[in-house]
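**Q** below are the sequence and a predicted model; questions follow.
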Amino acid sequence: ILGDADPDRYAKSIEVALKDKNSDGLLAILTPQAMTDPTKTARRFVEILQGNPPKKPILASWMGGDGITPGEQILNNSKIFTLPFPDTAAHVFNYMWQYTYNLQGLYETPYLPSDEDENAPNRQRVQRMLEAAKAEGRTLLTEYESKQLLEAYGIPTVTTRIANNEDEAIALADKIGYPVVLKLNSTTITHKADVGGVRLLLQDADTVRKAFQAIQSSVKEKVGAQHFQGVTVQPMLKMSQGDYELIVGSSLDPQFGPVLLFGTGGALVEVFKDSALGLPPLNTTLARRMMEQTKIYQALQGVRGQDSVDIEALEKLLVRFSLLVAEQPWIKEMDINPLLASSEHLIALDARVVLHEAETQTLPKPAISPYPLQYVQPWTLPDGKEIVIRPIRPEDEPLVRKFHEPLSQESVYLRYFHLMSLTSRVAHDRLSRLCFIDYDREIALVADYQDSETGEHEILGIARLSQLHGLNEAEFAMIVSDRYQHQGLGTELLSRLINIGKKHGLSRISANILPENWPMQRVSEKVGFQLHRIAPDMITAEILLDDG
């Protein structure tokens with residue numbers, strides 16, 4: 001609008017902009033001109049919004065010092081956020097978009113990798129490695145040990161073998177195939193290159209022998225012979241166009257506990273400083289969001305005719321790395337640098353793991369509770385079907401949707417106290433919040449049956465325990481598929497919720513039950529609940545856990 005615009009023209013322009021479906025927000029800017037009335041314009045602005053409540057964010061920038069203060073006050077009193085400069089408002093819009101985008105990411109349904117069940121982490125192997133290092137009084141794992149730890153969680157690493165002398169190094173190089181890399185093997189030195197502990201592109205036995213001697217001599221001269229425990233022999237992987245060096249790491253934040261890092265890696269990681277942070281544990285969606293915050297992500301998708309890196313495989317790797325961080329509290333710091341990424345492979349070329357001191361009394365906890373594996377247990381139905389009762393996870397949303405489809409109206413009414421349409425029950429906004437839960441405050445157990453022939457999963461029942469805010473009490477709710485009612489599944493699910501409540505130190509668990517829901521009343525009494533009629537149309541089931 002022109003500089004001579006009066007309040008009515010401003011109001012009309014705002015009205016048109018609010019109706020424009022091509023915009024997601026409105027910023028009204030006023031700069032005092034000869035014909036401008038900032039105060040009256042503000043009043044007309046407010047009147048337009050009162051008659052047409054906005055469905056998009058509204059910002060205003062009334063510029064001009066003291067002369068616009070009355071108009072600015074009118075806008076603020078009407079809950080219209082004002083800013084002194086329009087560029088600041090543009091930043092605010094950007095922050096609002098980022099916030100919305102992050103929320104959408106949290107509740108976007110992640111996928112469950114198809115090989116998740118077959119490639120479960122070898123946690124016992126990791127436990128043995130960490131216990132052995134602590135028993136020796138060490139806080140630093142060797143590169144070889146660090147890679148073994150990563151492999152136990154399904155993270156691919158370059159072939160790495162230990163050689164204690166020159167002849168062993170040559171024999172391993174002959175077996176691996178030239179060219180090879182020799183690196184210092186040490187339980188005390190973390191940055192091998194700083195002490196001359198890395199030799200690249202070794203083409204034959206003679207260069208391997210000389211490299212072994214050079215590493216041994218350099219370490220002895222710079223830090224002492226006691227820091228040399230042989231070398232590792234690895235194949236020399238050539239970088240080609242379309243290959244990228246990444247870094248994946250974790251460190252401790254004094255407030256948030258373990259924090260993840262992803263970004264551009266290699267020798268210049270401190271120069272580029274292209275990285276993003278996240279909190280473990282991740283799922284595939286959160287892993288993607290983390291990658292999207294970096295500059296390298298655009299290149300990973302393929303540029304200048306190069307093939308894209310296997311983004312899905314990279315998501316899986318980040319999920320597994322985050323699980324390792326969340327499940328192993330003795331790990332203080334850890335990084336993979338570089339992680340070689342291309343369209344054909346993802347492979348950790350070097351790794352470093354630092355542990356807490358053995359005498360550490362209190363280990364840091366993740367800000368987000370990891371998946372509670374301790375509650376994953378098998379169970380057998382009366383007909384012989386083997387199922388697994390486990391906590392729900394965000395990836396279960398498609399299974400929960402299928403679970404709701406065949407439920408009878410009676411089952412729905414008894415669970416929700418009113419008839420609820422299938423469309424409402426399976427809406428993404430609803431299911432995403434039911435599946436993506438904070439395990440510190442809520443546990444939902446699902447009865448998971450996997451067909452041995454097709455491999456397809458089916459949820460047979462869901463039981464939920466939700467802690468009441470500010471109280472040491474919780475409420476339970478449960479629903480079982482019509483086909484599997486009256487088979488003891490509800491009793492088993494409720495019994496497990498009671499045990500979980502005891503482990504969490506709850507004092508009381510309760511639930512409201514409709515009088516006509518006699519199966520739930522019977523199950524509740526069977527596992528120890530007391531029933532109380534609190535109204536003609538409502539019964540409360542209650543169990544006290546103080547006495548264990």
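**A** Noted; the coordinates are in hand.
**Q** can we go C-alpha only for contacts and neighbour counts from here?
**A** Will do.
**Q** where does the stretch 51-200 of the chain have low pLDDT?
**A** In the predicted model of the stretch 51-200 of the chain, residues 108-118 satisfy pLDDT under 70.
**Q** so which bits of the longest helix seen in the chain are buried?
**A** Taking DSSP state H as the criterion, the chain has its longest helix at helix 86-107. Applying a neighbour-count criterion of 16 or more other Cα atoms under 10 Å, one finds 86, 89, 93, 105, 106, 107 buried in helix 86-107.
**Q** show me what that helix is in contact with.
**A** 25, 27, 29, 59-61, 83, 285-286, 289, 429, 432-433, 436 (Cα atoms under 8 Å, 6 or more residues apart in numbering).
**Q** what packs against the following helix or strand past that helix?
**A** Remark: after helix 86-107, the chain's next helix or strand is helix 123-135, criterion DSSP states H and E. On a contact count with 3 or more Cα pairs under 8 Å, 6 or more residues apart in numbering; DSSP states H and E, helix 123-135 meets helix 143-152.
**Q** the helix it packs on - contacts with which helices or strands?
**A** When contacts are defined as 3+ Cα pairs under 8 Å, 6+ apart, helix 143-152 sits against helix 123-135, strand 351-355.
**Q** residue 267 belongs to a helix?
**A** No: looking at residue 267 with DSSP: H, G, I helix; E, B strand; the rest coil, it is coil, so not inside a helix.
**Q** list the contacts of residue 505.
**A** Going by Cα under 8 Å, 6+ apart, residue 505 touches residue 472.
**Q** flag every buried residue along stretch 489-504.
**A** 489-498, 500-502.
**Q** give the rounded mean pLDDT of it.
**A** Stretch 489-504 shows a mean pLDDT of 96.
**Q** hmm, back to that, which of the buried residues of stretch 489-504 sits closest to residue 128?
**A** residue 500 (28.1 Å; Cα to Cα).
**Q** assumed the closest one was part of a strand.
**A** No: counting by three-state DSSP, residue 500 is not found in a strand; it is helix.
**Q** would you turn the helices and strands packed on helix 143-152 into JSON lines with mean neighbour count and distance to residue 302?
**A** What follows is the helices and strands packed on helix 143-152, written out as JSON lines (neighbours: other Cα atoms under 10 Å; distance: least, Cα to Cα, whole Å):
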{"stretch": "helix 123-135", "mean neighbour count": "15", "distance to residue 302": "35"}
{"stretch": "strand 351-355", "mean neighbour count": "21", "distance to residue 302": "26"}
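**Q** nearest to residue 423, out of these?
**A** Nearest of those (Cα to Cα): helix 123-135, 41.1 Å.
**Q** neighbouring strands for the helix or strand containing residue 181, and are they parallel or not?
**A** Element membership for residue 181, per DSSP H and E: strand 180-184. Using DSSP bridges, strand 180-184 pairs in its sheet with strand 198-202 (antiparallel), strand 231-235 (antiparallel).
**Q** who does the helix or strand just after the first one touch, helix- and strand-wise?
**A** Yep, that's strand 198-202 we're talking about. Per DSSP H and E, the first helix or strand lying C-terminal to strand 198-202 is helix 205-222. For helix 205-222, the elements it packs on are helix 166-176, strand 180-184, strand 198-202, judged by 3+ Cα pairs under 8 Å, 6+ apart.
**Q** check these for me and report the most buried one.
**A** strand 180-184 (a mean of 25; mean count of other Cα atoms under 10 Å).
**Q** between it and helix 143-152, how big is the angle?
**A** Here strand 180-184 runs at an angle of 110 degrees relative to helix 143-152 (axes from the mean of the first three to the mean of the last three Cα atoms, to 10 degrees).
**Q** about what we covered before: farthest-separated two in the contacts of helix 86-107?
**A** Checking these with Cα to Cα, the most distant pair is 29 and 436, at 41.0 Å.
**Q** which element is residue 276 on?
**A** strand 275-278.
**Q** and the contacts of that strand?
**A** 259, 260, 261, 262, 263, 264, 290, 291, 293, 294.
**Q** now do the buried residues in stretch 362-380.
**A** 364, 365, 366, 368, 369, 370, 371, 375, 379.
**Q** can I get those in CSV with secondary structure and pLDDT?
**A** Below are those laid out as CSV (DSSP: H, G, I helix; E, B strand; the rest coil; pLDDT from 0 to 100):
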residue, secondary structure, pLDDT
364, coil, 89
365, coil, 88
366, coil, 89
368, coil, 86
369, coil, 86
370, coil, 86
371, coil, 88
375, helix, 95
379, strand, 97
